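Participant: The amino acid sequence is not available; the structure is as follows:
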C-alpha cells in the first residue's frame, strides 16, 4: 500500500538510528525534528544522506502533535502512519482494505524487561477507547484524507495526544479495519520516554487534555447511548488517574484532577462512590481497574 511513515524527534540521538534501521526503505519516511539539542538533528541528517525516500524537516512549535502535523502537511501518499523515535518497528500488514478510513493494529509493550500485548478491542466504540487507550500512536494507519478532514493532531495536547486523536476519530464514525492476525512493533516504556518519569510530573498537561477530550464528546453529533457511555468512561478514567497520582505520592496532583471532575460532571452520589472505589484501588496498585470500569459503563 502507498503509505508514508512520520517520526517526530526530540532529543533521541541514542535511539533514532536503531529505530529507523528497522523500517523498510520501501516506505517514504518523514523525520520531523522538534527542537532537539542533543545532536539528534545531525544524526538524522546523516541518515537522510544515506537513505532513499527520506526527508528531514524542522518544526519549531513544541509538542509531538505539532511535529506530526508537519509530517501530515508534507505527506503525498494515500495513507500515513506515525511512529515514535524510541520504539522498535517490525512491519506493517502486507495489505489492507483500501475503502476504510483507519487500519488498527495490536501493539506490544515492553516495561521493566517484560513484554506484553497492549489492550486491543476490535470495536468502534468511543467509551472503550477512553478507558483502554487502545488506539495509540503506532496502532493506527490513517487514510491521509480522513485524518486531514478530522483536523489532524490537536496541538494543544502536549500529553496523550494519541489518546485524544483516537477518540476524536471514533466519534466521527469512521470505517475501521481491525487487524488481528499478528502483533506489531514494541513500545518501550521508560523514564525518558514521551510520557515522562511519572503522571504527576505532567499533571497540568494531562488535565488540559482531559478538557479537550470532554469537549470532543460534548461537541460530537452522537446523542445515542454511546454518548452517555463516553462521558461515564471519562468520569471513571479521571478517578483512576487520580488514584495513580496518589500512588505516586502527589495528593496535590490528585486534587487538580478532582477539580476537573467536580467542575465538569453532574452525577449522583452513587457514581462518585464508585469513582472513589476505583481511585482507592488504583492508589493501592490494583491492576486492571479500568477493565472493571469498562464493564459497568
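Facilitator: Yes, it's here. Computed from a prediction, not measured in an experiment: that's the story for all the values here.

Participant: Can you tell me the SS state at residue 206?
Facilitator: Under DSSP: H, G, I helix; E, B strand; the rest coil, residue 206 falls in the helix class.

Participant: Count residues in the vicinity of it, would you?
Facilitator: 23 (other CB atoms under 10 Å). Placement of C-beta: from N, CA and C, glycine included.

Participant: That one is in contact with residue 160, isn't it?
Facilitator: Yes: counting by CB atoms under 8 Å, residue 206 touches residue 160, with 6.5 Å between them.

Participant: lowest-confidence helix or strand of the protein?
Facilitator: Using mean pLDDT, DSSP states H and E, strand 114-117 stands out as the lowest-scoring helix or strand of the chain, at a mean of 86.

Participant: Need the residues that contact that strand.
Facilitator: Strand 114-117 is contacted by residues 106-109, 183, 186 when judged by CB atoms under 8 Å, 6 or more residues apart in numbering.

Participant: For these, which two are the farthest from each other?
Facilitator: Farthest apart among those by CB to CB are 106 and 186. That separation is 11.8 Å.

Participant: So which of these two has more stuff around it?
Facilitator: More neighbours surround residue 106 than the other of residue 106 and residue 186, with 19 against 16 (other CB under 10 Å).

Participant: contacting residues for the more buried one?
Facilitator: 117-118, 120, 139, 179-180, 182-184.

Participant: try 6 Å this time
Facilitator: 117, 120, 183 (CB atoms under 6 Å, 6 or more residues apart in numbering).

Participant: Hmm, residue 87 and residue 22 touching each other?
Facilitator: No: in this structure residue 22 lies outside contact range of residue 87 using CB atoms under 6 Å: 9.3 Å.

Participant: between these two, which one's more packed in?
Facilitator: residue 87 (23 against 14).

Participant: Which phi and psi values does that one adopt?
Facilitator: Here is the backbone geometry of residue 87 (degrees, to the nearest 10): phi -110, psi 170.

Participant: just residue 82 next, same as before
Facilitator: Backbone geometry at residue 82, expressed as degrees, to the nearest 10, gives phi -110, psi 130.

Participant: Double-check it against residue 137; I have them as touching.
Facilitator: Yes: contact status for residue 82 versus residue 137: in contact at 5.3 Å, counting by CB under 6 Å.

Participant: where does residue 30 land in three-state SS?
Facilitator: Looking at residue 30 with three-state DSSP, the answer is strand.

Participant: mind checking pLDDT for it?
Facilitator: pLDDT recorded at residue 30 is 97.

Participant: List the residues that contact it.
Facilitator: Per CB under 6 Å, 6+ apart, neighbours of residue 30: 6, 55, 71, 74.

Participant: Looking at the residues you listed, state which has the most neighbours.
Facilitator: residue 71 (24 neighbours).

Participant: distance of that residue from residue 97?
Facilitator: 24 Å (CB to CB, to the nearest Å).

Participant: Residue 12 too?
Facilitator: Separation of residue 12 from residue 97 (CB to CB): 33 Å.

Participant: Just want to know which of these two has more residues nearby.
Facilitator: Shown here are residue 12 and residue 97; by other CB under 10 Å, residue 12 has more neighbours (24 against 10).
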